[in-house]
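Asker: following is a predicted model, sequence given first.
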Amino acid sequence: MSLATSQINILAIESSCDDTSAAVISNGKVLSNLIATQKVHEQYGGVVPEMASRAHMQNIVPVVEVALKQAGISKEELTAVAFTQSPGLIGSLLVGACFAKSFAQASDLPLLAVHHMQAHVLAHFIDEPHPGFPFLCLTVSGGHTQIVLCRSHLDMEVIGETLDDAAGEAFDKTAKMLGLPYPGGPMIDKLAQQGDPLKYKFPISEIKGYDFSFSGIKTAVLYFLQEQKKANPNFIDEHIHDICASVQFTIIKTLLQKFAQAAKEYGVQHLGIAGGVSANSALRTAFSEMCDRNGWQAHIPQFQYCTDNAAMIGITGYYKYLGGDFADMSISPTAKAGWQ
């Protein structure tokens with residue numbers, strides 16, 4: 001049968017960091033999307049790679065079994081297997097890659113290797129309405145901050161990225177300075193809702209072009225807190241809401257200034273945000289308002305597709321399948337990989 005008439009059922013595996021996820025995508029529609037989170041890292045204030053990979057080994061088989069059961073798809077009805085090939089923690093990636101390759105080989109199915117950040121971009125195509133091309137996407141996560149120009153589902157170009165720390169890392173490191181539990185980004189978002197975003201002024205990096213830098217704001221917050229605590233040891237507790245709101249305001253302003261500049265210069269009409277930080281309520285609101293002011297079409301994935309999940313791996317695998325972009329069984333995962 002031709003690709004246009006056949007039922008394309010893809011099993012997708014995501015294991016780039018500390019969440020084990022499996023999904024089933026049928027002709028571009030999500031039938032199931034299961035995520036097993038790892039709470040063990042909270043006590044350490046960050047992801048412990050060795051513990052993450054061990055948890056993946058424990059979780060991956062039951063997660064895949066439940067994903068298939070919820071989708072109502074048997075192993076014999078699958079068309080291909082997609083998995084996260086890069087980037088990520090190498091120990092975590094290895095678990096997902098080995099499982100996907102073994103499953104595909106045992107079932108005589110083609111393999112689809114997916115770039116994690118490209119999958120974040122294509123998460124916009126899980127639900128209607130889909131963005132039109134050309135499409136500009138701001139991908140913001142704990143490890144990456146990029147502006148991506150999308151000419152088609154498989155033709156993407158990074159036109160700007162962070163030169164040092166990612167926006168998500170700036171959130172998490174600030175939260176750690178404030179004594180907030182890991183992951184800190186959602187906590188800052190919650191506390192900021194009761195604070196004054198203009199109470200304290202923090203620097204916005206002045207990098208040419210569309211690149212970002214967030215190391216400066218982390219240093220500024222550190223020195224600011226040290227100075228304030230000298231005069232008032234209870235400063236953080238007494239002003240936590242205003243601090244969170246001001247830091248969040250600065251990070252979001254940094255992101256959207258560059259994004260708006262790129263949108264105007266490239267003349268695009270469809271814009272989107274993706275990645276874990278795109279779940280931030282203030283960013284979603286500010287982004288939507290920016291698009292309204294400029295007459296742009298705003299696209300934001302559902303919350304469940306913003307953080308790491310296998311559905312975004314599956315939708316990317318679906319378009320790779322349609323494009324005949326298959327991977328050889330000899331392919332290996334890589335912790336860092338250039339944009340393909």
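Answerer: Perfect, thanks for sending it.

Asker: how near is residue 242 to residue 167?
Answerer: Counting by Cβ to Cβ, to the nearest Å, the gap from residue 242 to residue 167 is 20 Å. All C-beta spots, glycine's among them, are computed from the backbone N, C-alpha and C.

Asker: neighbour count: those two, which is higher?
Answerer: For residue 242 versus residue 167, the count of surrounding residues by other Cβ atoms under 10 Å is larger for residue 167: 28 against 18.

Asker: and the more buried one, how far from residue 146?
Answerer: Noted for residue 167: a distance of 10 Å to residue 146, by Cβ to Cβ.

Asker: then residue 210?
Answerer: Remark: distance between residue 210 and residue 146 (Cβ to Cβ) = 9 Å.

Asker: contact partners for residue 83?
Answerer: For residue 83, the contacting residues are 12-15, 96-97, 99-101, 111-114, 313, by Cβ atoms under 8 Å, 6 or more residues apart in numbering.

Asker: where does pLDDT dip in this protein?
Answerer: Applying pLDDT under 70 to the chain picks out residues 1-5, 37-50, 339-340.

Asker: can I get stretch 134-152 in PDB? Just the C-alpha atoms.
Answerer: Taking Å, rounded to 0.1, in the frame of the first residue of the first chain, the C-alpha atoms of stretch 134-152 are listed here in PDB:
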ATOM      1  CA  PRO A 134       7.600  29.400   7.300                       C
ATOM      2  CA  PHE A 135       7.200  29.000  11.000                       C
ATOM      3  CA  LEU A 136       9.400  30.500  13.700                       C
ATOM      4  CA  CYS A 137       9.800  28.600  17.000                       C
ATOM      5  CA  LEU A 138      11.400  29.600  20.300                       C
ATOM      6  CA  THR A 139      12.500  26.500  22.100                       C
ATOM      7  CA  VAL A 140      13.200  27.000  25.700                       C
ATOM      8  CA  SER A 141      14.300  24.300  28.100                       C
ATOM      9  CA  GLY A 142      16.700  23.500  31.000                       C
ATOM     10  CA  GLY A 143      19.500  22.800  28.600                       C
ATOM     11  CA  HIS A 144      18.700  24.700  25.400                       C
ATOM     12  CA  THR A 145      17.400  28.100  24.300                       C
ATOM     13  CA  GLN A 146      17.100  28.400  20.500                       C
ATOM     14  CA  ILE A 147      15.200  30.300  17.800                       C
ATOM     15  CA  VAL A 148      14.400  27.900  15.000                       C
ATOM     16  CA  LEU A 149      13.300  28.800  11.500                       C
ATOM     17  CA  CYS A 150      11.100  26.000  10.100                       C
ATOM     18  CA  ARG A 151      10.600  25.900   6.300                       C
ATOM     19  CA  SER A 152       8.900  22.500   6.500                       C
END
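
Asker: list the buried residues in that stretch.
Answerer: The neighbour-count check on stretch 134-152 (16 or more other Cβ atoms under 10 Å) flags 135-150 as buried.

Asker: how about stretch 293-302?
Answerer: So for stretch 293-302, counting by 16+ other Cβ under 10 Å, buried means 296, 298-301.

Asker: from these, which is closest to residue 71?
Answerer: Closest to residue 71 out of those is residue 301 (19.8 Å), distances taken as Cβ to Cβ.

Asker: roughly how far apart are that closest one and residue 268?
Answerer: Distance, residue 301 to residue 268, using Cβ to Cβ: 18 Å.

Asker: likewise for residue 126?
Answerer: 21 Å.

Asker: more neighbours, the two?
Answerer: For residue 126 versus residue 268, neighbours defined as other Cβ under 10 Å are more numerous around residue 126 (23 against 20).

Asker: in the top helix by length along the chain, what counts as buried?
Answerer: If you go by DSSP state H, the chain has its longest helix at helix 235-266. Buried positions in helix 235-266, judged by neighbour count with 16+ other Cβ under 10 Å: 235-236, 239-252, 254-256, 258-260, 262-263.

Asker: list the buried ones in stretch 315-323?
Answerer: In stretch 315-323, counting by 16+ other Cβ under 10 Å, buried: 315-321.

Asker: all helices of the stretch 201-340 of the chain, in order?
Answerer: For the stretch 201-340 of the chain, the helices defined by DSSP state H, counting those that start in this stretch occupy 215-231, 235-266, 281-294, 310-322.

Asker: kindly report the same for the stretch 51-200 of the chain.
Answerer: With helices called from DSSP H, counting those that start in this stretch, the stretch 51-200 of the chain shows them at 90-107, 116-122, 167-177, 184-192.

Asker: compare those helices and give me the one nearest residue 216.
Answerer: Closest of the helices of the stretch 51-200 of the chain to residue 216 is helix 167-177, at 9.4 Å (criterion: Cβ to Cβ).

Asker: list of residues touching that closest one?
Answerer: Outside helix 167-177, the residues touching it (Cβ under 8 Å, 6+ apart) are 45-46, 140-143, 145, 165, 181-185, 187-188, 212, 214, 217-218, 221-222, 225, 244, 247-248, 251, 254-255, 275-277, 280.

Asker: same question for stretch 195-210.
Answerer: Applying Cβ under 8 Å, 6+ apart, the set of residues contacting stretch 195-210 from outside is 147, 159-160, 163, 212-214, 216-217, 220-221, 224, 239-250, 253-254, 257-258, 261-262.
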